[in-house]
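**Student:** below is the sequence, then the predicted model.
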Amino acid sequence: MTLGDKLLEAIYAAPDDDTPRSVYADWLQDQGDPHGELIMLQLSRLRAPPSRAALRRERALIAQHRQAWLGPLWDVVRRTHIRFERGFADELVLRPLMKPKHRALATGEPRWRTVRTLDVWGFDYPDLVLHDAMREIRTLLSVPESLALAIFRDPRPRSLRTLELQRAIEPTMRKAIDKTTAVPALTHLELPHAAGPKAFDWLWDTKLGTQLNTLTLRGATSPQAWSAHGRVPANIVAVIIRSRGTVVTLRRGASGALEPEDG
């Protein structure tokens, strides 16, 4: 294993820590590798607003080198939705109809460990998404029912904070949620839903229901009904309702009730 491999391994072992990234960037720059410049540029803007020239340089570096920096991930993600943060892939969208050989190469690839947001675009790839390399993902979007079930049934915990489901929760999903130990950090659940708040009374009696703080609903449901419903627990500090191009945000007010947010 080369020194560069060891430095990368340290980043993947502690992806939230900027120190290994900074050390790696210094080493890369000593080698004349442009990836080191990108890492330092993006770490620098965490401390101070970047100049226009710095942002232009970032974009140029990413445009020129992103395929090499993504490695096997390049063939399984949509190339119009690639975001780097702190020098590494941070936000990606899976591409439709990826080739099995490409998915096999990307499964377990350490580069996934820096990704924080992944949109699976409605595709069910449990071999890819349930792999240990994906456990640091914090936001998982456009998740189909079959993949959500696999996540909830997986006994190994992951770092998910936000989970967006494509379909409303069915009885089979309820059973999986009631028993799940897979999402101890999940605080935001988003799903399509057009019924009233009583439909969620079962959720508040589960472990997941006690740890959520935000619920986003895509569908026609009455904000007034949510404000009046006494079963919504105090740990739910916000209910966001998206319907027909409008967004209504209810937040827990001084009275303890969910109230429409001003503006």
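**Tutor:** Done, it's in.
**Student:** quick one, helices of the stretch 1-150 of the chain?
**Tutor:** Counting by DSSP state H, counting those that start in this stretch, one finds helices in the stretch 1-150 of the chain at the ranges 3-13, 18-30, 34-44, 52-70, 100-106, 126-129, 145-153.
**Student:** quick check: mean pLDDT of the first one?
**Tutor:** When pLDDT is averaged along helix 3-13, the result is 95.
**Student:** run through who's touching it.
**Tutor:** 1, 20-21, 23-24, 27-28, 31, 88, 110, 113-114 (C-beta atoms under 8 Å, 6 or more residues apart in numbering). C-beta coordinates here come from the backbone N, C-alpha and C atoms, glycine included.
**Student:** in the stretch 151-263 of the chain, which spans are helices?
**Tutor:** 171-179, 207-211, 223-228.
**Student:** can you count the residues close to residue 171?
**Tutor:** Neighbourhood size, residue 171 [other C-beta atoms under 10 Å]: 8.
**Student:** quick one on the thing from earlier: save the helices of the stretch 1-150 of the chain as a markdown table, and put in mean neighbour count too.
**Tutor:** Shown next, in a markdown table, are the helices of the stretch 1-150 of the chain (neighbours: other C-beta atoms under 10 Å):
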| stretch | mean neighbour count |
| --- | --- |
| helix 3-13 | 14 |
| helix 18-30 | 17 |
| helix 34-44 | 19 |
| helix 52-70 | 14 |
| helix 100-106 | 15 |
| helix 126-129 | 18 |
| helix 145-153 | 19 |
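**Student:** how about a markdown table for those, with distance to residue 204 added?
**Tutor:** Listed next are the helices of the stretch 1-150 of the chain as a markdown table, based on distance: least, C-beta to C-beta, whole Å:
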| stretch | distance to residue 204 |
| --- | --- |
| helix 3-13 | 37 |
| helix 18-30 | 38 |
| helix 34-44 | 41 |
| helix 52-70 | 41 |
| helix 100-106 | 38 |
| helix 126-129 | 28 |
| helix 145-153 | 17 |
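**Student:** and the residue lying closest to residue 196 once chain neighbours are set aside, how many neighbours?
**Tutor:** Residue nearest to residue 196 in three dimensions, not counting chain neighbours: residue 225, with 4.8 Å by C-beta to C-beta, 6 or more residues apart in numbering. Using other C-beta under 10 Å, residue 225 has 12 neighbouring residues.
**Student:** quickly note the distance from residue 225 to residue 233.
**Tutor:** Distance of residue 225 to residue 233, given as C-beta to C-beta, to the nearest Å: 16 Å.
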